[in-house]
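1. got a predicted structure here, sequence first:
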Amino acid sequence: MPNLSEYAVLMKEEWNRRLELDADFWMAEWPESPEAWTASGERDFHALVCEEMREKGAGVRVLEYGCGTGRLTQVAARYFGLVRGVDISDTAISNARSRLSSFTNVSLSTCDGTTLSGEASASYDLIFSYAVLNHLNSTVLASVLGEMVRVLEVGGRLSLHLYVGDYPKLPDSSDTHTVRGYSSDQLKEVFRKLGCAVPSLTPCSLPFDGDFEKCLKPTIVETSKVQSGTSYAPEELGVILEGNRDISPDSYIECNVLYDRFNRLVKQGETIRAVETARFLLTRETRMSHLVTIKHAIALLEQAHEYPVRK
Ligand SMILES: C[S@@+](CC[C@H](N)C(=O)[O-])C[C@H]1O[C@@H](n2cnc3c(N)ncnc32)[C@H](O)[C@@H]1O
């Protein structure tokens, strides 16, 4: 099992590689046009951040955790005075910087993926995060939640997209992509220990659903900081989140996503991107029969399209 700093290195490397392959695709939505990208950010931001918070406007200090290429950040910037977006991936941040260069009230930085060490305590009124926390192993999630509460002002709000359910398995702790979900009791206990109000858990139905096994419900988790709580070691809260569930090394969600992407690209005649996607898949897939099929598909595409064969 990787420790926190080893897992942070792994997360950064893997998310950078995903985004270098295809930045838009690895966001929570892969819109086909700039207009669709803006519209999907608008929709998800509205689902995540309630009207009461949006109406508070310019004076609200906002942090987005895992801002990716800025899909929701750009919407938040229209409502609030100062919006800071952090993400573990340098590729995501440089992409977001060029997309959001016209916004003077947005600041963007990479973070280490387990803490908010660059942020002062009690310096935000709202922290939101969409399609990020579900990718973290339980110890990292516990660490990030603890840090979010630390940098939140008493009375400030957390609006987080998570998956809720009693699924008996968790992916291996070194997995940086497969969706993880927790029971409402586990989440309530963790937020209570961190000094937050009992969270409200609102199931949300959005076009993006990362739970391919359909056991977990995408949920908006909202809570507010009631008092400066005791600080806990991430491992201690991580144990609450893990409970007694089995750890399953057989998580093929990332492969399923890549197969889907590959098929779409082939259908669209985007051969070069299809071959790049299949090559990426080769670095993820472990099932021998699947590996043979992917190599065969790459060879066929390269032959049919006189694609330059990589040495
Ligand atoms: C599925 S994308 C979602 C991006 C964005 N929130 C959106 O909805 O468009 C997940 C993002 O989380 C980032 N991420 C993954 N693990 C992270 C971590 N431990 N800390 C911060 N960001 C992380 C990835 O780099 C990626 O940009």
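-> Thanks, I have the structure now. Residues are numbered from 1 along each chain as shown.
2. now the closest residue to the ligand within the stretch 101-250 of the chain: which helix or strand?
-> Relative to the ligand, the nearest point of the stretch 101-250 of the chain is residue 113 (3.4 Å; Cβ to the nearest ligand atom). Where C-beta positions appear, they are placed from N, C-alpha and C, glycine not excepted. Assessed by DSSP states H and E, residue 113 sits outside every helix and strand.
3. ok, residue 47 next?
-> Applying DSSP H and E as the criterion places residue 47 in helix 34-48.
4. what comes up buried for the next helix or strand after that helix?
-> As assigned by DSSP H and E, the chain's next helix or strand after helix 34-48 is helix 51-56. Neighbour counts using 16 or more other Cβ atoms under 10 Å place 53, 54 of helix 51-56 among the buried residues.
5. after helix 51-56 comes which helix or strand?
-> Assignment by DSSP H and E places the next element after helix 51-56 at strand 61-65.
6. by contact count, what packs against the helix or strand harbouring residue 303?
-> Here residue 303, judged by DSSP H and E, is contained in helix 288-304. On a contact count with 3 or more Cβ pairs under 8 Å, 6 or more residues apart in numbering; DSSP states H and E, helix 288-304 meets helix 253-267, helix 271-282.
7. of those, which is nearest residue 217?
-> Of all these, helix 253-267 sits nearest to residue 217, with 16.4 Å by Cβ to Cβ.
8. of all residues in the stretch 1-150 of the chain, which one is closest to the ligand?
-> Closest point on the stretch 1-150 of the chain to the ligand, by Cβ to the nearest ligand atom, is residue 68, at 2.7 Å.
9. now do the contacts for that residue.
-> 26, 27, 28, 87, 89, 92, 96, 132 (Cβ atoms under 8 Å, 6 or more residues apart in numbering).
10. ditto for residue 81
-> Counting by Cβ under 8 Å, 6+ apart, residue 81 has contacts 57, 58, 59, 60, 61, 105.
11. so the fourth one makes contact with residue 53?
-> So the one you mean is residue 60. Yes: with contact defined as Cβ atoms under 8 Å, residue 60 reaches residue 53; the gap is 7.2 Å.
12. overlap in contacts, those two.
-> Taking Cβ under 8 Å, 6+ apart as the contact rule, residue 60 and residue 53 both touch residue 126.
13. one step back: out of the contacts of residue 68, which touch the ligand?
-> 26, 27, 28, 87, 89, 92, 132 (Cβ under 6 Å from any ligand atom).
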